[in-house]
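# one predicted model, sequence on top.
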Amino acid sequence: MNIALIGSGGREHAICKTLLKSNKIDKIYVIPGNAGTAEIAINLNIDYSNRSELLKTIKNKKIDLVIIGPEEPLVNGVVDFLRSKKIYVFGPNKYAAQLEGSKAFMKQLCKKNKIPTANFKICNKKDDVESFLKKSGMPVVVKADGLAAGKGVVICKSKKEVLKISNEIFLGKFKSSNKCILEEFLSGEEASYFVVVDRNSFLFMGSAQDHKRVGEGETGPNTGGMGAYSPAPIITSKIEKKIINRIIKPTLLAMKKSKNPFTGFLYAGLMIKNSNPFLIEYNIRMGDPECQVILPRLDTDLIDIFMSSVKNNLDKIKIKWKKNKCMTIVLCSKGYPLKYKKNKIIKNIRKIKLDKNSIIFHAGTKFLKKNFFSIGGRVLNITVLGNNFDKIRKKIFKILKKINWKHGFYRKDIGWRVIKHR
Ligand code: AMP
Ligand code: GLY
């Protein structure tokens, strides 16, 4: 089979590498890809938002399946477009993609279907904000309704701050929407729960815990994710049953009733409070860097999972997992998630010898004149499989030391919940 994979992050490098384990794959084209995917597949530097160019490429390269990594093309309806051209594509349609693309849509769905989530108010103007503030204590979480590249959530400690942040959103800070959502603050432990979905059923696709803040001790601004591990021990089988019955099943049923059944990866961002799961957000794709710790643990051919989903045969397969644990630490450009420099050479990658349980997934990298360069905020994902998170993390640190990239930094406390000592 020939595959087109859209995206350029660590997630897409992980998907690409995992697919290549299958003997059913002929060629993988990554659009646009990174230096890691260039080593193992074929990068195509085309603009995937240009639909006619995308279609032409899919036809020319005789693509059998298109896999969409990031949310933005999904929210913009690339799946509807490709399906209308009779092309197999993995991911939700534009309507279903609102689960991530509009927080207002997601929260209304929760309310209508009694899915546990933080109390909220959808606000279009200052009066709406003031009426919510009258009834709520602090902190209050202010969220942009539409996609905001990870910058749309602010946890506010004062009413003044809530008014300021919400006003910025009303004035058009984010192009995707002028609405904002105010939410009650939930305390607890966060975890990510994944399922793969077709029109009729769904299967477990792993659990993980991410570290979203840039600084050690969960401090500083939010990022795309600084490191993750899988599985998430907080999700016991008892809690998993609650996640499935209270959150996943009612969501999928509601989408089916809307005549837009969800298909693809569904990622539930959860807060676990007193052994009860609350939905914080839905993502309609694999997480990044969660994907990089889930896929190395997979013991089933990934292409069978994708094809079973697009052909609505998921009920006919079983997904198997290795007993191993997996962790990744993200090596970032200094300054991320604020201002950082690009085009910095990463000299030592090539010198590093990795055993079969260690992988470096590339994210913001490019390959030029025989060298690797950084071109993004999150640059490399150092990933190790093993039996013990403490030993895994030590092994990751050793690799990071060898990379010794002076333009980069990483969090040294990834996995603090599962590694109690230092
Ligand atoms: P989101 O984009 O909705 O996942 O929000 C980003 C991050 O903000 C989450 O991973 C949480 O750490 C935090 N967050 C969002 N909503 C809440 C909430 N209602 N209570 C506490 N923390 C929240
Ligand atoms: N790591 C968080 C996300 O992919 O949204």
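Looks like it arrived, so ask away. Ligands and ions are numbered 1, 2, ... in the order given.
# now do the helices in the protein.
Assigned by DSSP state H, the chain shows helices spanning 10-19, 35-40, 51-60, 71-75, 78-84, 98-101, 103-112, 126-135, 159-170, 237-242, 249-257, 290-294, 302-310, 389-403.
# in CSV: those helices, plus distance to ligand 2, mean neighbour count and mean pLDDT.
Heads up, the C-betas are built off the backbone N, CA and C, glycines and all. Below are those laid out as CSV (distance: least, C-beta to the nearest ligand atom, whole Å; neighbours: other C-beta atoms under 10 Å; pLDDT from 0 to 100):
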stretch, distance to ligand 2, mean neighbour count, mean pLDDT
helix 10-19, 8, 27, 98
helix 35-40, 18, 21, 97
helix 51-60, 23, 14, 97
helix 71-75, 8, 22, 97
helix 78-84, 18, 18, 98
helix 98-101, 9, 24, 97
helix 103-112, 13, 19, 97
helix 126-135, 26, 14, 94
helix 159-170, 20, 18, 94
helix 237-242, 20, 13, 98
helix 249-257, 17, 17, 98
helix 290-294, 6, 30, 98
helix 302-310, 18, 21, 98
helix 389-403, 18, 17, 98
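# and residue 343, which of those is closest to it?
With distances scored as C-beta to C-beta, the stretch of the helices of the chain nearest to residue 343 is helix 35-40 (12.5 Å).
# and the closest one, how far out from the chain's middle?
Centroid separation for helix 35-40 versus its chain: 20 Å, with C-alpha atoms, centre = their mean, to the nearest Å.
# what's the span of stretch 109-116, first residue to last?
From its first residue to its last, stretch 109-116 covers 11 Å (C-alpha to C-alpha, to the nearest Å).
# so what touches that stretch?
With C-beta atoms under 8 Å, 6 or more residues apart in numbering as the test, stretch 109-116 has contacts from 99, 117, 246, 247, 250, 251, 253, 254, 276, 277, 278, 279.
# just to revisit the earlier point, quick one: closest of the helices of the chain to residue 358.
helix 389-403 (6.4 Å).
# name the residues that touch the closest one?
The contact list for helix 389-403 (C-beta under 8 Å, 6+ apart) reads 229, 325-329, 331, 346, 348-349, 351-352, 354, 358, 360, 380, 382-386, 410, 412, 414-415, 418-419, 421.
# could you tell me which of these count as buried?
Taking 16 or more other C-beta atoms under 10 Å as the criterion, what is buried in the contacts of helix 389-403 is 229, 325-329, 331, 346, 349, 358, 360, 380, 382-386, 410, 414-415, 418-419.
# name the nearest residue to the residue in the stretch 301-422 of the chain that ligand 1 sits nearest to, ignoring sequence neighbours.
Here the residue of the stretch 301-422 of the chain nearest ligand 1 is residue 337; by C-beta to the nearest ligand atom that distance is 12.6 Å. For residue 337, ignoring the flanking residues on the chain, the nearest one in space by C-beta to C-beta, 6 or more residues apart in numbering is residue 223 at 4.6 Å.
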